[in-house]
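Asks: this is a predicted model, with the sequence first.
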Amino acid sequence: MSESTRTRPGDSARPLHEAYDTALLDLDGVVYAGGEAIAHAVESLDVARAAGMHLAYVTNNALRTPQTVAEHLTSLGAPAQPDDVINSAQAVARLISEQVPPGAQVLAIGGEGLRVALRERGLVPVDSADADIAAVVQGYGGPQQPWERLMEAGYAVARGVPWFASNTDLTIPTARGIAPGNGAAVEVVRFVAGGAPQVAGKPQPPMHRETILRTGAKHPLVVGDRLDTDIEGANGGGVDSLLVLTGVTDAAQLLAAEPVHRPTFVAADLRGMLTAHPEVRATDEGFACGGWTARVRDARAEIDGAGDPLDGLRALCAATWTAGDAERERTGEPARRAGGAGPGLSAAHRDGDRINADKALAKLGL
């Protein structure tokens, strides 16, 4: 279903790990948080792998090398090889290599994952803006990244050196909570130097291209926790997606999603890969899923019934997404397309005309 017409979550009579050949899994907030495995993640991946599903780990985090990530996953009980890991450092390195001469020097602001990816493409990472550089690239450098690295980037960008970023995620989930991501560092450089970088990571096309080139997936399912990267990237690439609520996106944000940010499926965690997904039906009373029926009245979401709270959330998605689209049509506001800019809240959820779903979500315990 296209991003302009998805008004309810999708359904699948078969468990997702049987319906798709490859899972393109985000890592932070999906498989682990702060280095520790998220509940049910390892067991779910084991079942999916044993059933024949190819597992590929696709992350915007450019800090670590695929080798290091694979070793980390294996230590958590989810065996992986370096070739199973695709990161935004690889995508941005390919993007740069297509625009600069072979062997060019590139000012690298980030961690070892970024430097290894640049070398893989025949480029030479350097640390100073005073070098004879053909480009400057920013990737997530971790909590220990020195402030002077951002200063070097600012000097280079201000004098017109072509600027690239592995990704622009403003936040990253950690064991202690949500922390600033590479997008926050990019904004620091933008503030002092102006302009905007070419971005390779999700949801941009270079990351989708890198993933397909490296995995060879024929019928993939994107699995992620972020609407503005994982889900938008899947929609932009015409790929189905599963949103899990173990990372940065909560139920209220899901209800507020524009078409570009709406997932095909939604689940509490990675166990959602192993189950069928029920149909959300339009009824005279609203939208029904499982034992729940949801509707929107006077800019307020309502829900009645009993059963699995996720079924109630699916019904609420249909009710609020439909109401948001109707309000957008009434006001003439265009929907954002994949890869565009902005926060992406639907018209019905903007200040001054917001659907209130607080009581409905509380009833579901979400």
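Replies: Great, that's in hand.
Asks: what residue ranges in the protein score low on pLDDT?
Replies: Counting by pLDDT under 70, the chain has low-confidence residues at 1-4, 335-353.
Asks: longest single helix anywhere in it?
Replies: If you go by DSSP state H, the chain has its longest helix at helix 309-331.
Asks: so what does that helix touch, helix or strand wise?
Replies: Helices and strands touching helix 309-331, by 3 or more CB pairs under 8 Å, 6 or more residues apart in numbering; DSSP states H and E, are helix 251-255, strand 265-267, strand 286-289, strand 292-297, strand 300-305, helix 358-364. (Each C-beta comes from the backbone N, C-alpha and C, glycine too.)
Asks: in CSV: those, plus distance to R115 and mean neighbour count.
Replies: Below are the helices and strands packed on helix 309-331 laid out as CSV (distance: least, CB to CB, whole Å; neighbours: other CB atoms under 10 Å):
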stretch, distance to R115, mean neighbour count
helix 251-255, 34, 21
strand 265-267, 36, 23
strand 286-289, 48, 24
strand 292-297, 49, 22
strand 300-305, 48, 18
helix 358-364, 44, 17
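Asks: I'd like to know how many residues surround the closest residue to L170 other than its chain neighbours.
Replies: Nearest in space to L170, with sequence neighbours left out and distances taken as CB to CB, 6 or more residues apart in numbering, is G183 at 4.0 Å. Counted with other CB atoms under 10 Å, residues neighbouring G183 total 22.
Asks: can you confirm G183 is in a helix?
Replies: Yes: membership of G183 in a helix is supported by DSSP: H, G, I helix; E, B strand; the rest coil.
Asks: and the longest helix of the chain, C-alpha only, in PDB?
Replies: Taking C-alpha atoms only, helix 309-331 is exported to PDB below (Å, rounded to 0.1, in the frame of the first residue of the first chain):
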ATOM      1  CA  PRO A 309      -3.900  -4.100  23.800                       C
ATOM      2  CA  LEU A 310      -1.900  -4.300  20.600                       C
ATOM      3  CA  ASP A 311      -5.200  -5.000  18.700                       C
ATOM      4  CA  GLY A 312      -6.700  -2.000  20.400                       C
ATOM      5  CA  LEU A 313      -3.700   0.100  19.300                       C
ATOM      6  CA  ARG A 314      -4.100  -1.100  15.700                       C
ATOM      7  CA  ALA A 315      -7.800  -0.100  15.800                       C
ATOM      8  CA  LEU A 316      -6.800   3.300  17.200                       C
ATOM      9  CA  CYS A 317      -4.300   3.800  14.400                       C
ATOM     10  CA  ALA A 318      -7.000   3.300  11.800                       C
ATOM     11  CA  ALA A 319      -9.300   5.700  13.500                       C
ATOM     12  CA  THR A 320      -6.800   8.500  14.000                       C
ATOM     13  CA  TRP A 321      -5.000   8.100  10.700                       C
ATOM     14  CA  THR A 322      -8.300   8.200   8.900                       C
ATOM     15  CA  ALA A 323      -9.400  11.300  10.800                       C
ATOM     16  CA  GLY A 324      -6.000  13.000  10.200                       C
ATOM     17  CA  ASP A 325      -6.200  12.400   6.500                       C
ATOM     18  CA  ALA A 326      -9.700  13.700   6.400                       C
ATOM     19  CA  GLU A 327      -8.600  16.900   8.200                       C
ATOM     20  CA  ARG A 328      -5.700  17.300   5.800                       C
ATOM     21  CA  GLU A 329      -8.000  17.000   2.800                       C
ATOM     22  CA  ARG A 330     -10.400  19.500   4.400                       C
ATOM     23  CA  THR A 331      -7.600  22.100   4.900                       C
END
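Asks: and the residue nearest to L170, what does it touch?
Replies: Residues near G183 by CB atoms under 8 Å, 6 or more residues apart in numbering: 165, 167-171.
Asks: and the gap between P309 and A268?
Replies: Using CB to CB, to the nearest Å, one obtains 8 Å as the distance from P309 to A268.
Asks: swap that for V42, please
Replies: Going from V42 to A268 by CB to CB gives 16 Å.
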